[in-house]
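Student: Any chance you could fold what I've pasted below:
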Amino acid sequence: MREEALKILFKYLKTDYMLKHSYAVEAVMREMAKKLEPENEEKWAIAGLLHDLDSDITGRLPGVVNDAHAFKSVELLKEEGFGDEELYRAILGHHDNKGVERESLMEKAIYAVDPITGFINAIALSYPDKKLTSVKTKSVIKRMKEKRFAANANREAMRAIEFTGVPFDEFAEIALGAMQNISDVLEA
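Tutor: As a prediction, this is how the structure comes out:
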């Protein structure tokens, strides 16, 4: 399933930053699935990998929500004959104002996972060595309280992970660990 998803990803998404973001969200979603819904680990990871599939097409920029964003991703996946309603709902639900009430654990998780990956990257970039491996969980928790740091980061969405039953501190640790595990891909 991942191989097919990667072919679709590379067909539509070319921007290096967005590809790395997709890998980060995939890694964190995989780890969250292990905790919350292990039987659907692959589906959660694929949702993370493909959630921003349309970014190059819709002209989406980090922190800016385009009206067509997410809808176009679902349209492309349907054209490719890939995915199902559960996957489509998760992709639509990773942003507000897409008409999807986040109900499933996967929908709730991806809403929180998407912004935390960028937030953790921002923390890493604030370090002298700019390495994910230098970031500690306590730094993620501390920076959440600093409103001026990464001011555009959707802290409300990140904290929404608690609707899955996972406390934010644990989520921060899981997300950071998942990203550090693929730091060779994310920092290359």
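Student: and residue 28, what element?
Tutor: Using DSSP states H and E, residue 28 maps to helix 16-36.
Student: Which element is encountered next along the chain beyond that helix?
Tutor: Remark: after helix 16-36, the chain's next helix or strand is helix 41-50, criterion DSSP H and E.
Student: Against which helices or strands is that following helix packed?
Tutor: For helix 41-50, the packing partners by 3 or more CB pairs under 8 Å, 6 or more residues apart in numbering; DSSP states H and E come out as helix 2-12, helix 16-36, helix 85-93, helix 105-125. Where C-beta positions appear, they are placed from N, C-alpha and C, glycine not excepted.
Student: how far out from the middle of the chain is that helix?
Tutor: 10 Å (CA atoms, centre = their mean, to the nearest Å).
Student: Just checking, which helix or strand succeeds that helix along the chain?
Tutor: helix 55-58.
Student: Compute the number of surrounding residues for residue 78.
Tutor: By other CB atoms under 10 Å, 11 other residues sit near residue 78.
Student: One more: the one 3 residues further on?
Tutor: The local packing of residue 81 (other CB under 10 Å) involves 8 other residues.
Student: pLDDT score assigned to it?
Tutor: Note for residue 81: predicted pLDDT of 96.
Student: Over to it: give its phi and psi.
Tutor: For residue 81, the backbone dihedrals are phi 70, psi 30 (criterion: degrees, to the nearest 10).
Student: still on that earlier bit, single out the most deeply packed of the helices and strands packed on helix 41-50.
Tutor: helix 105-125 (a mean of 23; mean count of other CB atoms under 10 Å).
Student: one step back: same for the helix holding residue 28, what does it pack against?
Tutor: helix 41-50, helix 105-125, helix 168-181, helix 183-186.
Student: contacting residues around the worst-scoring helix or strand of the chain on mean pLDDT?
Tutor: Least confident helix or strand, the chain: helix 55-58 with a mean of 86, by mean pLDDT, DSSP states H and E. Applying CB atoms under 8 Å, 6 or more residues apart in numbering, the external contacts of helix 55-58 come out as 12-15, 18, 66, 68-69, 72, 76.
Student: Would you mind measuring from residue 113 to residue 59?
Tutor: Distance of residue 113 to residue 59, given as CB to CB, to the nearest Å: 23 Å.
Student: likewise residue 80?
Tutor: With CB to CB as the criterion, residue 80 and residue 59 are 21 Å apart.
Student: Pick out whichever of these two has more residues nearby.
Tutor: Using other CB under 10 Å as the criterion, residue 80 and residue 59 rank with residue 80 on top: 16 against 11.
Student: Which residue, neighbours along the chain excluded, lies closest to residue 166?
Tutor: Distance criterion CB to CB, 6 or more residues apart in numbering; nearest residue to residue 166, sequence neighbours excluded, is residue 35 at 6.7 Å.
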